[in-house]
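**Q** Sequence and predicted structure are below.
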Amino acid sequence: MMQKIRHTPVAPTRTQRLAPGGEIDAHRHDDHQIAYASRGTIAVTTDAGSWIAPATRALWIPAGTVHQHQAHGELDLHLVGLPTTDNPLSLDKPAVLAVSPLLRELIVAYTRAPSNDTPPHHNLRAVMLDQLALSPERPLHLAVPTDPLLRELHDILRTDPSDNRSLDDLGRQIGASARTLSRRLRDDLGLTYPQWRTQIRLHHALILLADHTPVTTVAHHCGWSSASTFINVFRRTFGHTPGTRLTT
């Protein structure tokens, strides 16, 4: 549970640079907010779990959501505040959105330009909102399980994503059968064990890549049998290879 929550009524629109490991502490806004990292990887944590996004993704943070930001790698963070009347995708929960090359440039330009009440500024905002409305949601949410057994399993896998033991073996360690754990995963998170483990591994992989860890090392540390297997999974999920560097 996050403590010392700040209340900042207006969500800011700005560009901010954070050093690796830098944080913006727990807070909430009365506005919606978009968080986009044109360099590095941004993680947003709420009581419901964590969302993480490389440069091909943006994070949607609904009004009133208590959240904190953390930088992985050198971070160029672009924040867009939107009033509650502007919700192009009608999302009421945090989400990861795909960012097209056009949307990327619009967000970067909008957050770097001084806020002003001029027609060009309004036009830029309107096109950005139109592009946001076309952005598909991506399943990069790492939910925190509510079930005590799953929380125990979650801690094991987050501590060592390369742990390749079967669900039967892990279940013996925490005192539950694979069948019980599988059923609770479906009921709690709506995922199979392989799907959940892949999500955990991809989250960890994004953090390592943001720190410029070699792809082969990332694959090994995150439990993939080979770099090529990791690259294929990463490409299917993010639309580009893990070695791609997308910067401004």
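**A** Cool, got the structure.
**Q** what sits against the residue most central in space within the chain?
**A** Centroid check for the chain by CA atoms, centre = their mean gives Ile52 as the closest residue, at 1.7 Å. Applying CB atoms under 8 Å, 6 or more residues apart in numbering to Ile52 gives the contacts Thr41, Ile42, Ala43, Val44, His72, Val96, Leu140, Leu142, His203, Leu206, Ile207. Bear in mind the C-beta positions are built from the backbone N, C-alpha and C, glycine included.
**Q** Check which helices and strands the worst-scoring helix or strand of the chain on mean pLDDT is in contact with.
**A** Least confident helix or strand of the chain, by mean pLDDT, DSSP states H and E, is strand 141-143 with a mean of 75. Judged by 3 or more CB pairs under 8 Å, 6 or more residues apart in numbering; DSSP states H and E, strand 141-143 is in contact with strand 49-53, helix 193-210.
**Q** so what's the residue nearest to the centre of the chain closest to, chain neighbours aside?
**A** Nearest non-adjacent residue to Ile52, counting by CB to CB, 6 or more residues apart in numbering: Ala43, 4.6 Å away.
**Q** what's across from that neighbour in the sheet?
**A** Ile52, Gln70 (DSSP bridges).
**Q** Lowest-confidence member of the contacts of Ile52, which is it?
**A** Across the contacts of Ile52, the bottom pLDDT score, 67, is held by Leu140.
**Q** quick one: the helices in the protein?
**A** Taking DSSP state H as the criterion, the chain contains helices spanning 101-112, 119-133, 148-159, 167-174, 178-189, 193-210, 215-221, 227-238.
**Q** The fifth one vs helix 193-210, what angle?
**A** So that's helix 178-189. Helix 178-189 and helix 193-210 are oriented at 60 degrees to each other (axes from the mean of the first three to the mean of the last three CA atoms, to 10 degrees).
**Q** can you check the last one too?
**A** With the same axes, to 10 degrees defining the directions, helix 227-238 sits at 100 degrees from helix 193-210.
**Q** repeat for the fourth one
**A** Angle, helix 167-174 to helix 193-210, by the same axes, to 10 degrees: 80 degrees.
**Q** Using PDB, write out the CA atom coordinates for helix 167-174.
**A** Presented in PDB, the C-alpha positions along helix 167-174 are these (Å, rounded to 0.1, in the frame of the first residue of the first chain):
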ATOM      1  CA  LEU A 167       3.700 -25.500 -11.600                       C
ATOM      2  CA  ASP A 168       3.700 -28.900  -9.900                       C
ATOM      3  CA  ASP A 169       7.100 -28.300  -8.400                       C
ATOM      4  CA  LEU A 170       6.300 -24.700  -7.400                       C
ATOM      5  CA  GLY A 171       3.100 -25.900  -5.900                       C
ATOM      6  CA  ARG A 172       4.900 -28.400  -3.700                       C
ATOM      7  CA  GLN A 173       7.100 -25.500  -2.300                       C
ATOM      8  CA  ILE A 174       4.100 -23.400  -1.300                       C
END
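**Q** gap between it and the chain center?
**A** 28 Å (CA atoms, centre = their mean, to the nearest Å).
**Q** What is the neighbour count of the nearest residue to Ser182 once chain neighbours are set aside?
**A** Setting aside the residues directly before and after it, Ser182 is nearest to Tyr193 in space (CB to CB, 6+ apart), at 6.0 Å. Here the count is done by other CB atoms under 10 Å, and Tyr193 has 17 residues near it.
**Q** ok, Tyr193 to Ile52 distance?
**A** According to CB to CB, to the nearest Å, Tyr193 stands 20 Å off from Ile52.
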